[in-house]
Each structure stands twice: as C-alpha cells, then as structure tokens.
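Q: what's the 3D shape of this:
(one chain, ligands or ions: 1)
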Amino acid sequence: MKKITIAIDGHSSCGKSTMAKDLAREIGYIYIDSGAMYRCCTLFCMQRGLIRPDGSIDVESLQRLMPEIQVSFRLNASTGRPDAYLNGVNVEERIRKMDVSAHVSPVAALPFVRAAMTAQQQEMGREGGIVMDGRDIGTAVFPDAELKVFVTASDEIRAQRRLDELRAKGEEADFESVLANLRERDRIDSTRAVAPLRQAEDALVLDNSHLTIPEQKQWLLERFKERTA
Ligand code: CDP
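A: This next block holds a predicted model:
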C-alpha cells in the first residue's frame, strides 16, 4: 500500500504530539515532532548566550551559527518514541522545560530559522510514510499531504493538560503562567509573517476538548483508514 503523508497542526499543548505519536506507532510510520526542532534551536540560543536578559535575540549571531545546529531524532528503546538530539546530545527532556517554552516562538518566527527547519522536514518526509505535527505542516511544509488535521481545544483545558504533563515530570509550574505562555505562543505563532499558524483549507478540524486519548486516537485512525482505503 502506498504510504501517505499526514500533517497534524494546531495550537500549543492541544495533544497533537500524543495523537501523532500514537498513530505513527500503530501504522508503522515515522513520527517527527517539528516543534522539537524549533525547541532545539531555542536551546542552542540559550546555551550560546544568544538570548539577551530582556528576551531579545542576537539575530545576527544566530544566523551566522545556524549551520552549527544539527537536530536529529533517535528511537528511545524504553519509551518506544523518538528522542530529540541537539548536536549529538539527547535533549528530549531539557527542551520541554518552561524556560525553553518562554523563548521558542520568537526564535521560530525568524525566517532563516524556518527556512532551515522546513528544508530538513521536507527531506525527512521525501518518501512519505510520515506523521509530522506542528503549526505549518499542512500549509507550508507538506501542502500536498494526503491527510491534514487541525487540532484545537479550549485554552484552559490545554493549560491544565500541559501543567499535568510538567508536574508529572517533576517540574514546578503554576496554572496561570502555563496559560499565559500558551496564549502568548499562539499569538506570536498566528501573527508571524512567515508560515503562520493557521488551518489549511483542506484540513479536518478536531476539537478534542472533551475527548480522551483513546478516543482521539481512534478518531485519527479512522480518518487514516478512510484516506488509504
Ligand atoms: O508542545 P507544544 O504544542 O506546546 O509546542 P511545540 O509543538 O513543541 O512547539 C513549540 C513552538 O515551536 C511553537 O509554539 C511554535 O512557536 C514553534 N513551532 C513552529 O513555529 N512551527 C512548527 N511547525 C512547530 C512548532
């Protein structure tokens, strides 16, 4: 059977990654978390002192250093899921922390950062058989994807899910700051000049505010079966 391309986009912390990972595992496709790639670029900026105390980015230095940013994914045998590596170092846990979340959207809005990541993502999906989640996958990275889904949920539900996730990993966080961060990221992501977050015209919309993880997994699997029937 021909392997298709599946693009899952949507707002911050709406459960896209969980859906995308579950589907990829079930159907034997590659899963790529494009947000992890922007998080790796942001961590690189933090490590190299390219984010100033006022939060602004040293854009000139970042542009010069871009060729030094190598992002890759390797399967973690114990979780069965891919971990993100920045220049050969496993940063999967590090990039999920709130300090990275606080700076990622301005970094991801830089056109040269997007151009570099988009080129890598398109290369990863050249042969199909891929599930990629992010903000611009169905609009800019794979505009011809056979299955496009746009996921959303209410702000408060998304903030609560992210808070639970952070706390489960032992990170201290409070509801109000998680909510403020996701609203601010959605604002920056939706209003940037290059590849803003928006629903592709041919995307199926899923509001998963009141769906459980098994229910959303089932919904997505059915859509996949329809497209490949
Ligand atoms: O996990 P969460 O949904 O909160 O975010 P993520 O998927 O890890 O993405 C982190 C950030 O990367 C987003 O807020 C965007 O600023 C950026 N991003 C993007 O610009 N384009 C993508 N395709 C994926 C993420």
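Q: contact partners for the residue nearest the centre of the chain?
A: Per CA atoms, centre = their mean, the C-alpha nearest to the average position across the chain is that of G35, at 2.7 Å. Counting by CB atoms under 8 Å, 6 or more residues apart in numbering, G35 makes contact with S17, V104, D133, G134, R135. Every C-beta, even on glycine, is put in place using the N, C-alpha and C of the backbone.
Q: got the contact list for the residue lying closest to L179 once chain neighbours are set aside?
A: Sequence neighbours aside, A159 is the residue nearest to L179 in space, at 3.9 Å (criterion: CB to CB, 6 or more residues apart in numbering). By CB under 8 Å, 6+ apart, A159 lies in contact with S13, F175, V178, L179, L182.
Q: so is the helix or strand where A159 lies next to the ligand?
A: Using DSSP states H and E, A159 maps to helix 155-168. No: using CB under 6 Å from any ligand atom, helix 155-168 never reaches the ligand; the gap is at least 6.6 Å.
Q: list the buried residues in that helix.
A: D155, I157, R158, A159, Q160, R161, R162, L163, E165, L166 (16 or more other CB atoms under 10 Å).
Q: nearest to K148 among those residues?
A: R158 (20.3 Å; CB to CB).
Q: contacts only, for that closest one.
A: H11, S12, S13, C14, L182.
Q: what does the protein put close to the ligand?
A: Residues of the chain lying near the ligand (CB under 6 Å from any ligand atom): 12-13, 34-35, 38-39, 104-105, 108, 134-137, 185, 189.
Q: can you pick the most crowded of these?
A: I137 (32 neighbours; other CB atoms under 10 Å).
Q: all strands of this protein, in order?
A: 5-10, 30-33, 71-76, 81-86, 89-90, 130-134, 147-152, 204-207 (DSSP state E).
Q: distance to R227 and mean pLDDT added to the ones you listed, as JSON lines?
A: Converted to JSON lines, these look like this (distance: least, CB to CB, whole Å; pLDDT from 0 to 100):
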{"stretch": "strand 5-10", "distance to R227": "8", "mean pLDDT": "98"}
{"stretch": "strand 30-33", "distance to R227": "17", "mean pLDDT": "95"}
{"stretch": "strand 71-76", "distance to R227": "24", "mean pLDDT": "94"}
{"stretch": "strand 81-86", "distance to R227": "23", "mean pLDDT": "94"}
{"stretch": "strand 89-90", "distance to R227": "34", "mean pLDDT": "98"}
{"stretch": "strand 130-134", "distance to R227": "12", "mean pLDDT": "97"}
{"stretch": "strand 147-152", "distance to R227": "5", "mean pLDDT": "96"}
{"stretch": "strand 204-207", "distance to R227": "10", "mean pLDDT": "96"}
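Q: which parts of the chain are helices?
A: Under the criterion DSSP state H, the chain contains helices at 16-27, 34-47, 59-65, 98-108, 111-124, 155-168, 175-191, 213-228.
Q: circling back: out of the strands of the chain, which is closest to Q218?
A: Of the strands of the chain, nearest to Q218 by CB to CB is strand 204-207, at 11.7 Å.
Q: mind listing what's buried in the closest one?
A: Quick answer for strand 204-207 (16+ other CB under 10 Å): L204, L206.
Q: what does that strand contact?
A: With CB under 8 Å, 6+ apart, strand 204-207 has contacts from L147, K148, V149, F150, V151, T152, A153, Q199, Q216, W219, L220, R223.
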